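Asker: Build me a model from this:
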Amino acid sequence: MPELQRKRLLESHLWTIYILAAILLAILFYYEWRIGIAGSFIYLISLFYSIRYEIRRREKIQNEIKMISTRVKMVGKEALSELPFGIVLYDEDYKIEWANSYMRQFDTDETELIGSHLNILSEELVTDIKENKQDTGLELEDYYFRTLINRDERLIYFINETDYARLKTNYENDQTVLFMIFLDNYEDITLPMDDTSKSQLNSEVTAIINDWAKRNGLYVKRTSQERFLAIGTREILRQIEKVKFDILDEVREITGDQSTNVTLSIGVGHGNVPLPKLGELAQSSLDLALGRGGDQVAIRDESGKVRFYGGKTNPMEKRTRVRARVISHAMVDLVKASDNVIIMGHKAPDMDSVGSAIGILNIAKTNGVEGYIVFDPNDVDTGVYRLIEAIRADEELWERFIEPSVAEDIITNQSLVVIVDTHRPAMVVQPELLEMTDYKVVIDHHRRGEEFIDNPTLVYMEPYASSTAELVTELLEYQPKSTKLKMLEATALLSGIIVDTKSFTLRTGSRTFDAASYLRAKGADTVLVQQFLKEDLNLYLTRSRLIERTEIYRDSIAIVAAEPGVAYGSVLIAQTADTLLAMTGVTASFVISERDDGRVGVSARSLGKINVQVIMERMNGGGHLTNAATQIADTTVEEVELLLKNIIDEYFEGRETE
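Answerer: Purely as a prediction, here's the structure:
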């Protein structure tokens, strides 16, 4: 039993005894008054001492309470002032009214905390208060604090978690990072070399990579003639990222002097995951870097987010006719095993998208399988209008163009969906169709981006090709000899090649002319191509007015920001960017304007010296090294122009990162 309860129980029993004694005295007075007087005398003396004891005891308790209360106040005051964490009171204007001594250590000779604005501690603190955040963090000098905010009392607690933050930082810095390094075109370059030249090239490349590894504290091991494996830490990765993976430039510059053009692709995996998973991340990053054309770095963490560096050079043509033949035969097997073939290009289709879709339709027809092209008649711009009108005039071909709703009715889980001229699910005409079958083929000439169609059965992506129409034409060459292209079908494919190469001036290789020659032999009409590409006079004048707003940025980059409140079509701004690229001294062009859907569009073009793809990817877009675009919601033309210039500045300061 607690001491206090025992004392109270004894007091209660004592007073009960006194009451019973008084009753007994009264009875004694009645029967024997002499004994009653003696008993009363003893009773009164006992009562007197009991009362005096009780009074003194209560006084002692009160004094003890006073003393404890005083001590508590003193200790509380001292504790409030000397607590090992900070306390700050602020007023309605976010000025500091009071701070305990722990926070006073941040006073300086120039300023004092009391009377100063909260921004003196952190500019984000006021924002956190306004957003009603109760538990945040901030860095102050060499300390890291967890801040607990009480808006009602205008009170902030600063809890020092510096040791924990440093421990966490050290843990993160020491996490293992895997680097998979690949010599992009080593086999093609060394094949014609003699042993002496090959040995010299090996020595130079190995020396560069070993020196780079030693300089950054990496362990590196060559695992094959064209592959290296490097192991480092997260801290080392940060250091390498600060210099934008300058190893890419070193290898290209040194080997470029000898006309060998060896480039590196590096896949990096990092994160708090087991080593096997880390290896998968590094390998998938390398695959992504190679899929984008090589000469770049892809970094992937456990969340799947990817960052890119490099990719400034125009990739060398590395695809072979053997691969084209293998893909073509694989297509035959997939087509014959399917219920039907559903072909989709990207939204707002261009000549390349429509032409390559028609080529795949011909492959399906050649192999005796029903094929259909998913087409949205409400999503046609002037760039393909004349081609679509020509297709409408061909009843047999036009009946194979179906709307998305019809495609959903005829597709089965055994249908083959072929996606052409894009690999991003959000860009296809009807993304829902991708979930309705297990068999998907992707054919594209763009550099691979982070977003990709899930679980494709077959992928034919060649960023070295001029266009998807060129890739599809090569597939047609290896189809059964009974393949017969109509004049309009061959012309549509040739139109796609001509438009994407700017009449064979950009991204054109020997294979491009081979494909064009094959299509010409199949009846492609070059005069009809020119009719498809004819321009409307009003559009020409509109484009001229846009060009009048051109600003030359950084000596050779043409930027056009259209007037606010006026919407332009994506084809028009793309044509404007193409026209600007033909001007003397212009190496890249960017055209910015509002769109009919309320977003702001950017069309980017270059001659190859500047990689507009990585610039557009920084703005959530994509495309090719010389041809890219993006659309941004909830912004203005002026804001996009400022963002674009900042990204261009970063691009020229060093290698690009997403």
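Asker: Run through the strands of the stretch 301-450 of the chain in chain order.
Answerer: 306-310, 341-344, 371-374, 401-402, 416-420, 439-444 (DSSP state E, counting those that start in this stretch).
Asker: List the pairing partners of the longest one within its sheet, with orientation.
Answerer: Strand 439-444 has these partner strands in its sheet, going by DSSP bridges: strand 416-420 (parallel), strand 458-461 (parallel).
Asker: winner for burial among the ones you listed?
Answerer: strand 416-420 (a mean of 29; mean count of other CB atoms under 10 Å). Just so you know, the C-beta spots here come from the backbone N, C-alpha and C atoms, and that holds for glycine as well.
Asker: Kindly export the strand or helix carrying residue 613 (C-alpha atoms) in CSV.
Answerer: Using DSSP states H and E, residue 613 sits within helix 612-617. Provided in CSV are the C-alpha atoms of helix 612-617 (Å, rounded to 0.1, in the frame of the first residue of the first chain):
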residue,chain,number,x,y,z
VAL,A,612,17.9,17.5,-79.3
GLN,A,613,16.5,14.2,-78.0
VAL,A,614,18.2,14.5,-74.6
ILE,A,615,17.1,18.2,-74.4
MET,A,616,13.5,17.2,-75.1
GLU,A,617,13.7,14.3,-72.6
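Asker: outside of that helix, which residues touch it?
Answerer: The list of residues contacting helix 612-617 from outside it, by CB atoms under 8 Å, 6 or more residues apart in numbering, reads 308, 311-312, 447, 449, 588, 590, 602, 604-606, 622-630, 644, 647-648, 651, 656, 658.
Asker: Just the element for residue 46, please.
Answerer: Residue 46 belongs to helix 33-82, assigned by DSSP H and E.
Asker: quick one: strands adjacent to the helix or strand just after that helix?
Answerer: Elements were assigned by DSSP H and E; along the chain past helix 33-82, the next helix or strand is strand 86-90. Looking at strand 86-90 with DSSP bridges, its partner strands are strand 96-99 (antiparallel), strand 155-160 (antiparallel).
Asker: List the buried residues in strand 86-90.
Answerer: Neighbour-count burial for strand 86-90 flags 86, 87, 88, 90 (criterion: 16 or more other CB atoms under 10 Å).
Asker: now these in CSV, with distance to residue 385?
Answerer: CSV is the format used below for the buried residues of strand 86-90 (distance: CB to CB, whole Å):
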residue, distance to residue 385
86, 68
87, 70
88, 66
90, 64
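Asker: Let me know the closest of those residues to residue 195.
Answerer: residue 86 (70.8 Å; CB to CB).
Asker: what helix or strand is residue 472 on?
Answerer: Assigned by DSSP H and E, residue 472 belongs to helix 468-477.
Asker: tell me what that helix is packed against?
Answerer: helix 321-336, helix 351-366, strand 439-444, helix 487-500, helix 510-521 (3 or more CB pairs under 8 Å, 6 or more residues apart in numbering; DSSP states H and E).
Asker: which residues are contacting it?
Answerer: Applying CB under 8 Å, 6+ apart, the set of residues contacting helix 468-477 is 321, 324, 327-328, 331, 351-353, 355-356, 359-360, 362-363, 420-421, 443-445, 460, 462, 465, 483, 485, 493-497, 500, 511-512, 515, 518-519.
Asker: Please state the offset of that helix from the chain centre?
Answerer: Centroid separation for helix 468-477 versus its chain: 33 Å, with CA atoms, centre = their mean, to the nearest Å.
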